[in-house]
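Visitor: model this:
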Amino acid sequence: MTPPLRIGNASGFYGDRFDAMREMLTGGPLDVLTGDYLAELTMLILGRSRLKDPARGYATTFLRQLEEGLGLAHERGVKIVANAGGLNPAGLADAVRELAGKAGVPVRVAHVEGDSLPVPDGYLTANAYLGGAGIAACLRAGADVVVTGRVTDAALVTGPAAARFGWGPEDHDALAGAVVAGHVLECGTQATGGNYSFFRGHDLRRPGFPVAEIHADGTSVITKHDGTGGVVDIGTVTAQLLYETGSARYAGPDVTARLDTVRLSSDGPDRVRISGVRGEAPPPTLKAGLTRLGGWRNEVVFVLTGLDIEAKARLVRDQFADAFARAGRQPDEVRWELARTDRADAATEETASALLRLVVRDQEPEAVGRALSGAAIELALGSYPGFHVTAPPGKGAPYGVFEARYVPAGDVTHVAVLPDGRREAQEPPARTQVLEDTGQPALPEPLPAGPTRTAPLGLVAGARSGDKGGDANVGVWVRSDEAWRWLAHELTVERFRELLPETGPLTVVRQVLPHLRALNFTVHGLLGEGVAAQHRFDPQAKAVGEWLRSRRLEIPVVLLDSADAPEVHA
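Guide: Numbers count the residues shown, from 1 in each chain. Presented below is the predicted three-dimensional model:
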């Protein structure tokens, strides 16, 4: 029987815990260690870095981690696979070879390229999301370290698994199982209790990073190294499965995984088995991410203390309207938001204060720079009583925009550059399948009518939310069949909009996932032009799920009084 492939993760984003690579290499057995360094915002950051120095464009943190990690991985026979190459995987591969030579570590380095697309006028970067085939080719050729540019997050797992088990492009179910495991691993400690709704029952001061034990049939067990912090249970894995997904068809360049077939079961302490995953042929197109500079942005936060908060806010807004009129020009976008953080008869000045946030955007830097900062400064002695701001207004800064497009898979050249320098082109899958809506599955029988009590949704449900471009995703799940019978009928799109009024005018799509006892909501356009544009207070929608959990509605008393109800303080 072929032993499972143990794949660990040591990075969920560019800037994640620096010591994670060493901790994962020394904390327990591994076959492969992966690192995800690329997010939509990261490509913009790397694009601006490359403008300053064409030799860069990759995640330099990864290279610094390898100063210690390369030798540790070699001693333990662990392969390293990371997408830290960003916009310059060849440059990073050369840098790794140089580092290995200086350290005297005999490792074979390969890289994957071809994701870079022609950059349209006015854009900074353009990259297709590649699959795991190039990674698999590099590993089959004997690479010890494989660095890539823009691949899907799950490709860091599908590539090594395909190389180990000999999967071909038609092994859809096995590949889909690896995609699901890769999706669980990709955000690091979010799978081991980080950012978890029910955090109060666990020690999350320093959660360990996750490990997937992948079997030849694509089933897997999610776990972590013994003795590390955090927790792996069905809840933490469910939360990460729902993160930044939408349709039940989770499409990628290797395979389309059916999230509505995923089954989770406990496999012991800190062990969750993933099984039953079905796969379909991938779509004929690849997702491509384009970034550009969208304009200039600035903000000022005014502190309003004590009495007459609303009147003080109106005065500031009227004064700025007058200042913009006198200047002869108002920025293209002016947004005000009053956060009533103040309390009546407060014991401290801070808790007696509210925050009034002004955000402006414009295509011209002058419109958000001196025009804004001058107006704010000039109000210092002539506005509301107690006038002050959280920080002096600055000159303004450029903001970015991420756009997703789709290109025919056959138009993208996917190349594995092997350790000996040979270039091996990867053919796109011969069989593809256009994505179609799966439809909604049958709902469970409703919970019988009974007494209810007004309480926060979070007393019975967990949530995890995030961003995909300008859209927000909110996954909601429960931990018992009885709660699922209630949630599936109660939390409709209409009720979701009532609980989160900001979503009222937007398109909201609900996906039902019965095996996970979960609902997944996609809110189109909530984040405007995406995280880099900082359209709203929470630009990546990280806390939308927790906002939803805090909202009060009528909940059956039988659920609130059940032993399964998590410890939550309203």
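Visitor: Point out where the chain drops to low pLDDT.
Guide: Where the chain drops to pLDDT under 70, the residues are 530-535, 563-570.
Visitor: now the strands for the stretch 351-500 of the chain?
Guide: Listed in chain order, the strands of the stretch 351-500 of the chain (DSSP state E, counting those that start in this stretch) span 353-362, 388-389, 397-408, 414-417, 423-426, 452-456, 461-468, 471-478.
Visitor: Only alpha carbons, please: show the first one as CSV.
Guide: Written as CSV, here are the backbone C-alpha positions of strand 353-362 (Å, rounded to 0.1, in the frame of the first residue of the first chain):
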residue,chain,number,x,y,z
SER,A,353,-15.6,59.5,21.4
ALA,A,354,-16.9,58.6,17.9
LEU,A,355,-14.9,58.5,14.7
LEU,A,356,-15.9,60.3,11.5
ARG,A,357,-14.0,59.0,8.5
LEU,A,358,-13.5,60.9,5.3
VAL,A,359,-12.2,59.1,2.2
VAL,A,360,-11.6,60.8,-1.1
ARG,A,361,-10.5,59.4,-4.5
ASP,A,362,-9.5,61.1,-7.7
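Visitor: What residues sit buried inside it?
Guide: Using 16 or more other C-beta atoms under 10 Å as the test for burial, strand 353-362 gives Ser353, Ala354, Leu355, Leu356, Leu358, Val359, Val360, Arg361, Asp362. Any C-beta I mention is one placed from the backbone N, CA and C, and that applies to glycine too.
Visitor: what packs against it?
Guide: strand 285-305, helix 309-327, strand 333-339, helix 365-368 (3 or more C-beta pairs under 8 Å, 6 or more residues apart in numbering; DSSP states H and E).
Visitor: who does it pair up with?
Guide: strand 285-305 (antiparallel), strand 333-339 (antiparallel) (DSSP bridges).
Visitor: ok, and which of those has the densest surroundings?
Guide: Of all the strands paired with strand 353-362, strand 285-305 has the most neighbours on average by mean count of other C-beta atoms under 10 Å, namely a mean of 21.
Visitor: Report the inter-axis angle for that one versus helix 309-327.
Guide: Strand 285-305 runs at 110 degrees relative to helix 309-327, counting by axes from the mean of the first three to the mean of the last three C-alpha atoms, to 10 degrees.
Visitor: Am I right that Asp217 is in a helix?
Guide: No. Asp217 is assigned coil when assessed by DSSP: H, G, I helix; E, B strand; the rest coil, not a helix.
Visitor: Tabulate the strands paired with strand 353-362 (CSV), appending distance to Arg479.
Guide: Compiled in CSV, the strands paired with strand 353-362 are given as follows (distance: least, C-beta to C-beta, whole Å):
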stretch, distance to Arg479
strand 285-305, 33
strand 333-339, 32
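Visitor: ok, back up a step: so which of the strands of the stretch 351-500 of the chain comes closest to Thr61?
Guide: Taking C-beta to C-beta, strand 397-408 is the member of those nearest to Thr61, at 20.1 Å.
Visitor: and the closest one, C-alpha only, in CSV?
Guide: The C-alpha trace of strand 397-408 is given here as CSV (Å, rounded to 0.1, in the frame of the first residue of the first chain):
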residue,chain,number,x,y,z
ALA,A,397,-1.3,57.7,-2.2
PRO,A,398,-2.0,55.7,-5.3
TYR,A,399,-4.5,52.8,-5.1
GLY,A,400,-4.7,49.7,-7.2
VAL,A,401,-7.4,47.8,-8.9
PHE,A,402,-7.6,44.0,-9.6
GLU,A,403,-9.6,42.7,-12.5
ALA,A,404,-10.4,39.1,-13.4
ARG,A,405,-10.7,38.0,-17.0
TYR,A,406,-10.8,34.6,-18.7
VAL,A,407,-8.5,33.4,-21.6
PRO,A,408,-8.6,30.2,-23.6
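Visitor: buried stuff in it?
Guide: Tyr399, Gly400, Val401, Phe402, Glu403.
Visitor: same question, stretch 478-488
Guide: Buried residues in stretch 478-488, counted by 16+ other C-beta under 10 Å: Val478, Arg479, Glu482, Ala483, Trp484, Arg485, Trp486, Leu487, Ala488.
Visitor: and the gap between the fifth one and Arg258?
Guide: This means Trp484. As judged by C-beta to C-beta, to the nearest Å, Trp484 and Arg258 stand 19 Å apart.
Visitor: Same check on the first one?
Guide: Taking C-beta to C-beta as the measure, Val478 falls 21 Å from Arg258.
Visitor: for the fourth one, same thing?
Guide: According to C-beta to C-beta, Ala483 stands 24 Å off from Arg258.
Visitor: do the second one as well
Guide: Applying C-beta to C-beta, one obtains 23 Å for the distance of Arg479 from Arg258.
Visitor: likewise the third one?
Guide: When C-beta to C-beta is the yardstick, Glu482 and Arg258 sit 26 Å from each other.
Visitor: Then the last one?
Guide: Shown here: Ala488 relative to Arg258, a distance of 19 Å by C-beta to C-beta.
Visitor: can you list the residues that contact stretch 42-59?
Guide: For stretch 42-59, the external contacting residues (C-beta atoms under 8 Å, 6 or more residues apart in numbering) are 13-14, 37-38, 82, 84-89, 91-92, 95, 124-125, 127, 147, 150, 289, 291, 400, 402, 532.
Visitor: Which ones among these map onto strands?
Guide: Counting by DSSP state E, the part of the contacts of stretch 42-59 found in strands is Ala82, Thr125, Asn127, Val147, Gly289, Thr291, Gly400, Phe402.
Visitor: Could I get the CA-only coordinates of stretch 236-243 as PDB?
Guide: The C-alpha coordinates for stretch 236-243 follow below in PDB (Å, rounded to 0.1, in the frame of the first residue of the first chain):
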ATOM      1  CA  THR A 236     -12.000  24.700  11.400                       C
ATOM      2  CA  VAL A 237     -11.800  22.600   8.200                       C
ATOM      3  CA  THR A 238     -15.400  23.600   7.200                       C
ATOM      4  CA  ALA A 239     -14.600  27.300   7.800                       C
ATOM      5  CA  GLN A 240     -11.600  27.100   5.500                       C
ATOM      6  CA  LEU A 241     -13.500  25.100   2.900                       C
ATOM      7  CA  LEU A 242     -16.100  27.900   2.700                       C
ATOM      8  CA  TYR A 243     -13.500  30.700   2.500                       C
END
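Visitor: Use 136 as the first number from now on
Guide: With 136 as the first residue, the last one maps to stretch 371-378.
Visitor: any idea how far it is from the chain center?
Guide: Averaging C-alpha positions (C-alpha atoms, centre = their mean, to the nearest Å) puts stretch 371-378 11 Å from its chain's average.
Visitor: before we move on, what about stretch 215-222?
Guide: Offset of stretch 215-222 from its chain centre (C-alpha atoms, centre = their mean): 17 Å.
Visitor: buried sites along stretch 394-407?
Guide: Leu394, Asp395, Thr396, Val397, Leu399, Asp405, Arg406, Val407.
Visitor: Give me the phi and psi for the last one.
Guide: Dihedral angles phi and psi of Val407 (degrees, to the nearest 10) take the values phi -130, psi 120.
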